[in-house]
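Colleague: just a sequence and a predicted model for now, questions to come.
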Amino acid sequence: MYNAGRELAGSIVKEKLAACVNIVPENRLFLSALQINTDPEELLIIKTRQSLLPALTEHVNANHEYDVPEVIALPINGGSPQCPEWLNNSIRD
């Protein structure tokens, strides 16, 4: 997954679906066939606008190696006042 995560992040930024993608290495813990399993993977923190979420989700689904990649949107409730301007100037309309 490590190279796949970097490639997916690069394609997201190249397509201007996000201004920035942070790649965080992690271990996924999950239950399968009544057994706890762990796998190394990368968490992508993708910074974009709500209006691009459908296109971003479609891009992730089409380019991710998992059958059902996890896409979760979190609202921005505050932060630096310059961030929205930087974000809007870095992604597609």
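Modeller: Yep, it's here.
Colleague: backbone phi and psi for the residue lying farthest from the centre of the chain, please?
Modeller: Here the chain reaches farthest from its C-alpha mean at Leu34, the gap being 28.7 Å by C-alpha atoms, centre = their mean. The phi/psi pair for Leu34 (degrees, to the nearest 10) reads phi 60, psi 30.
Colleague: cool, and Val24?
Modeller: phi -120, psi 120.
Colleague: can you list the low-confidence ranges for this protein?
Modeller: The model of the chain has pLDDT under 70 over residues 1-2.
Colleague: which residues in it form helices?
Modeller: If DSSP state H is used as the criterion, the helices of the chain fall at 2-14, 53-63, 83-90.
Colleague: returning to that earlier point: list the residues that contact the residue farthest from the centre of the chain.
Modeller: Not one residue lies near Leu34 by C-beta atoms under 8 Å, 6 or more residues apart in numbering. (Each C-beta comes from the backbone N, C-alpha and C, glycine too.)
Colleague: check contacts around His59.
Modeller: By C-beta under 8 Å, 6+ apart, His59 lies in contact with 11-12, 15, 17.
Colleague: how near is Leu29 to Asn88?
Modeller: According to C-beta to C-beta, to the nearest Å, Leu29 stands 37 Å off from Asn88.
Colleague: only the buried residues of stretch 51-69, if you could.
Modeller: For stretch 51-69, burial by neighbour count (16 or more other C-beta atoms under 10 Å) applies to 52, 56, 59-60, 64.
Colleague: start to end distance for that stretch?
Modeller: Taking C-alpha to C-alpha, to the nearest Å, the first and last residues of stretch 51-69 lie 20 Å apart.
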